[in-house]
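K.L.:
kindly generate the corresponding structure for this input.
(2 chains)
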Amino acid sequence: MFSKKEELKKLINEKQEKLKAQIKLEEQKLDDDRILYEELKENVEKITNITEKDLFYYINQFEVEEKDTLYNELLKIQKILITNQQYSSTLRLFEKDKAFYDMFLKAFSNYLEKKKNNNPVKKDIEHKIEEYDSLKKIIEIPNFQINSHTLELITELFKDTEDASSEKVLIELMKYEKDTYQEKLSNSIKKDEILLSIQELEKIFNLYHYDFHNLYDTYKEYLMHYGNIDKIKQILEALERNQYPIIQDGYVLTSILLGSSRVTIDAVTSFSRENNLIPESLLDISGALLEQKDFSDKDDDYSYMMVGSSLDFMRNVVTLKNAGISINYIFQECKSILTMPNKLLVTNLDLFYKYGFSFDYKRRGIIDPSPAALLSTNFASICDAFIEIHPLGLKYLIDNLSNLRTVSNPKALMFYNIYASNMTTLDLDDNDPRKGPFRKVLEEDNENYQLKAIITRNRPDYRDSYYLNIQEENKLEITNTIEVHTTSTKKYDRIIDANPNYPISDSIFSNSYIESIDKYIDRKSALIYNFYGTRISRLKVLRIYNTLLKNGVMGSLESFMYALTYNSILSQEDYDKILNCIRKEVEVG
Amino acid sequence: MQMDFLKDLGIEEETITKIKKNNISSVVRQFICDRENASRIILYFRSVGILVVDDLLIRRLEIFSIDYKRIVTSFENYNTKVLVALINEDISAINFL
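P.N.:
Here you go, the predicted structure:
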């Protein structure tokens, strides 16, 4: 939206010019009114030139009692005069009419006098011009303070652009400040050099009622090596001005002093207030108060400390609000969502609803597991895996949505265990861990499914026990399943890996291959294609096939079969069964 | 240093590496900020017999940012023994809280 100070100044100047033009217009209007008044005073006939609408407008502006009566009387006068003009009649105005006309002229004169001395519209515009003058001074970074009024002014600058929402303007402001600040510092900081002395830090800490010596030595060193005294001062001042309490946690304090800025604190605080979040609570998700900074390649302590999510936080609040999800609910249930990458949240939220899940605000327990699903790093693939692996897979997933978070690999051994448990033909007792992967748990009136320990192998005493001896190296052999490889598999894999969250286009629904398998949509669930007992996730097929087609792959039996069996755990028999179904449909088609 | 509190609680380096690998950086940072609360939850989980604390740390790190008192109250509202047995079998049972 704006990246350079000069651009912003240019916009302000343009805005001021527009406002000045409005003042001229106002003055012109007053002159016109004055001329009209003189004409009306000179000659009563002139009232016939005023439209009913204008007459109503003027009388409405006048400070007179019984405006309705005056308006109706003036209309009557107009009618008399118009009749005379049209029919050359000589109807006369009565004394009563003249009195009303005089009343009208007097009110008009008062109106003009008042407007000349005190025109509120003109005053408002003049005031705005002055405000923009001060805004020009304010944007001299880094002493840049955001309050809701500054934001309003800047938002107005962008009123005619598409990106004029206050959130977007805030985001731009923060980027703007960050760029300018970093530019300023780029030549002055050398790594591993002590930039600040203990005395300097002690002094500035004391000024804002903090004790530098309460910090652990590591944090003190971070501040001495990476800190900038002006910036630290500005941040402490911003914290105090925004009425944050003294930050007790040394980790949080140090990260804010090194990773935040005055404008970030002002902007995020102002944003929170506008969104009915208590700013103080931001200290519980302090990443929101840090300048946006993605994780560097290093996984050292300092890098984690500097992970800043201010932009993600504001975008996430907007995303959640737009989805009708209470921010306070998320704050209580899974506050990590508020500072997670917004792109991931948007994708996961979209998938969450596409797969038909919902948040369970009135859940039987205290902690709702569904928000945790939004933290998933592989949402769609895990959904697909549970849908395909077992007839109860979807039910289990809905009962335990947090599995989208706990499981990240659709080819994890656990899925092979579930698959194998399906194929056992042994005549076993229900409680036997080898019979069926799930255990029914009755909780109040709900029947929930849980996986057995031998399947999940989470429990330490099961770590070395393998269900039916299924292990990474023999999982295909024992479960009698296959990995499909065709000449194009690698190419398709590369496309899918490069476009993990490609959206499903509407056009894919009318693709001939997709249409050809509509008859296999499961009667009980539209999320599943059921090929005579073999379940395939419908959203997976739509997503993968659409991604391939949109990335230059030709529609063919090979590419379609790739989409159908992507990540699926299938036997050769199942694969052939699906292939035959498709061939049959294509031939018929 | 910031994840060292886990070592003090007997969590092995390998688990810490997995925690970092399995979680987005903002969630790890949040966990570090909540380390005092997290320590209390880890100790509580162990005291009630949860054997899968490492797995919970790796896969459900955000749970350790929930207020400790709320976690304890939730456990006490349930048949703790049964709940613990279920969690040890499948960590998804923590959803019953």
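K.L.:
burial of residue A:66, as a residue count?
P.N.:
Neighbours of residue A:66 under the rule other CB atoms under 10 Å in any protein chain shown: 10. The way it works is simple: take the backbone N, C-alpha and C, and place the C-beta from them, glycine included.
K.L.:
also the one 3 residues further on?
P.N.:
Residue A:69 is surrounded by 13 other residues when neighbours are defined as other CB under 10 Å.
K.L.:
try residue A:401
P.N.:
With other CB under 10 Å as criterion, residue A:401 counts 25.
K.L.:
any figure for the gap between it and residue A:394?
P.N.:
Applying CB to CB, to the nearest Å, the value for residue A:401 to residue A:394 is 11 Å.
K.L.:
same deal with residue A:339?
P.N.:
30 Å.
K.L.:
report the longest helix in the chain, please.
P.N.:
As the question left the chain open, I've gone with chain A. With secondary structure taken from DSSP state H, chain A has its longest helix at helix A:5-42.
K.L.:
wrong chain, I was asking about chain B
P.N.:
helix B:35-47.
K.L.:
can you give me the mean pLDDT across it?
P.N.:
Across helix B:35-47, the average pLDDT comes to 95.
K.L.:
what residues of that helix count as buried?
P.N.:
Buried residues in helix B:35-47, counting neighbours by 16 or more other CB atoms under 10 Å in any protein chain shown, are found at B:35, B:37-42, B:45.
K.L.:
repeat for stretch A:235-242
P.N.:
A:235-239, A:242.
K.L.:
can you list the low-confidence ranges for chain A?
P.N.:
Across chain A, residues meeting the criterion (pLDDT under 70) sit at A:1-5, A:139-153, A:155-194, A:296-297, A:360-368, A:423-435, A:443-445, A:588-589.
K.L.:
same thing but 50
P.N.:
A:1-3, A:143, A:183-191, A:364 (pLDDT under 50).
K.L.:
spell out which residues make up each domain of it.
P.N.:
A:5-121, A:166-334, A:370-479, A:489-588 (automatic domain parsing).
K.L.:
got the residues of chain B near chain A?
P.N.:
B:1-3, B:20, B:22, B:24-30, B:32-33, B:35, B:51-52, B:55, B:59-63, B:65-66, B:70, B:73-74, B:77, B:86, B:88-97 (CB under 8 Å from any CB of the partner chain).
K.L.:
recalculate using a threshold of 7 Å.
P.N.:
Contacts of chain B with chain A, taken as CB under 7 Å from any CB of the partner chain, map to B:1-2, B:20, B:22, B:24-30, B:32-33, B:51-52, B:55, B:59-60, B:62, B:65-66, B:70, B:74, B:86, B:88-93, B:95-97.
K.L.:
helix, strand, or coil at residue A:442?
P.N.:
strand (DSSP: H, G, I helix; E, B strand; the rest coil).
K.L.:
what count of nearby residues applies to it?
P.N.:
8.
K.L.:
one more: residue A:106?
P.N.:
12.
K.L.:
and what of residue A:6?
P.N.:
9.
K.L.:
what's the answer for residue A:572, then?
P.N.:
That count, for residue A:572 with other CB under 10 Å as the rule, works out to 11.
K.L.:
ok, it - contacts?
P.N.:
Residues counted as contacts of residue A:572 (CB atoms under 7 Å, 6 or more residues apart in numbering or on different chains) are residue A:482.
K.L.:
ok, now how distant is it from chain B?
P.N.:
31 Å (CB to the nearest CB, to the nearest Å).
K.L.:
can you put the buried residues of helix B:35-47 in a markdown table and add distance to residue A:452?
P.N.:
Formatted as a markdown table, the buried residues of helix B:35-47 follow (distance: CB to CB, whole Å):
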| residue | distance to residue A:452 |
| --- | --- |
| B:35 | 34 |
| B:37 | 32 |
| B:38 | 29 |
| B:39 | 31 |
| B:40 | 31 |
| B:41 | 26 |
| B:42 | 25 |
| B:45 | 21 |
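K.L.:
ok, residues contacting the next helix or strand after the longest helix of chain A?
P.N.:
Helices and strands here follow DSSP states H and E; after helix A:5-42, the next one along the chain is helix A:52-61. Contacts with helix A:52-61, where a contact means CB under 7 Å, 6+ apart, come from A:67, A:70-71, A:74-75, A:108, A:111.
K.L.:
show the buried residues in the residues you listed.
P.N.:
A:70-71, A:74, A:108, A:111.
K.L.:
returning to that earlier point: buried subset of the residues of chain B next to chain A as a ChimeraX selection?
P.N.:
Those of these that count as buried under 16+ other CB under 10 Å are selected in ChimeraX with:
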select /B:2,20,22,24,25,26,27,28,29,30,32,33,51,52,55,59,60,62,65,66,74,86,88,89,90,91,92,93,95,96,97
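K.L.:
could you verify my assumption that residue B:46 touches residue B:53?
P.N.:
Yes: applying CB atoms under 7 Å as the test, residue B:46 and residue B:53 come out as touching, 6.2 Å apart.
K.L.:
hang on, the earlier thing: the more surrounded of residue A:339 and residue A:394?
P.N.:
Set side by side, residue A:339 and residue A:394 show more neighbours around residue A:339, with 26 against 22, by other CB under 10 Å.
K.L.:
correct me, but residue A:244 touches residue A:281?
P.N.:
No: between residue A:244 and residue A:281 there is no contact under CB under 7 Å: 10.6 Å.
K.L.:
more neighbours: the two, which one.
P.N.:
residue A:244 (18 against 13).
K.L.:
give the helix, strand or coil label for the more buried one.
P.N.:
Residue A:244 - assigned by three-state DSSP - is coil.
K.L.:
give the full set of residues in contact with it.
P.N.:
A:279-280, A:283.
K.L.:
report the separation between it and residue A:252.
P.N.:
For residue A:244 relative to residue A:252 (CB to CB), the value is 11 Å.
K.L.:
what does residue A:326 give?
P.N.:
Taking CB to CB, one finds residue A:326 at 25 Å from residue A:252.
K.L.:
of those two, who's got more company?
P.N.:
Neighbours were tallied for residue A:326 and for residue A:252 using other CB under 10 Å; the higher tally belongs to residue A:252 (19 against 13).
K.L.:
and that one, backbone torsions?
P.N.:
The phi and psi torsions at residue A:252 (degrees, to the nearest 10) take the values phi -60, psi -50.
K.L.:
which residues does it contact?
P.N.:
Residue A:252 touches A:283, A:286, B:33, counting by CB under 7 Å, 6+ apart.
K.L.:
just the ones of those residues in helices?
P.N.:
Using DSSP H, the contacts of residue A:252 in helices are residue B:33.
K.L.:
buried residues in the helix or strand where residue A:131 lies?
P.N.:
Residue A:131 is part of helix A:120-138 when elements are defined by DSSP H and E. Going by neighbour count (16+ other CB under 10 Å), the buried part of helix A:120-138 is A:122, A:125-126, A:128-129, A:131-132, A:135, A:138.
K.L.:
tell me which of the buried residues of stretch A:235-242 is nearest to chain B?
P.N.:
For those, the closest approach to chain B (CB to the nearest CB) belongs to residue A:239, at 16.4 Å.
K.L.:
give me the neighbour count for the closest residue to the closest one other than its chain neighbours.
P.N.:
Once flanking residues are discounted, residue A:239 sits nearest to residue A:265: 6.3 Å by CB to CB, 6 or more residues apart in numbering or on different chains. Residue A:265 has 28 neighbours, counted by other CB under 10 Å.
K.L.:
all good on my end, thank you.
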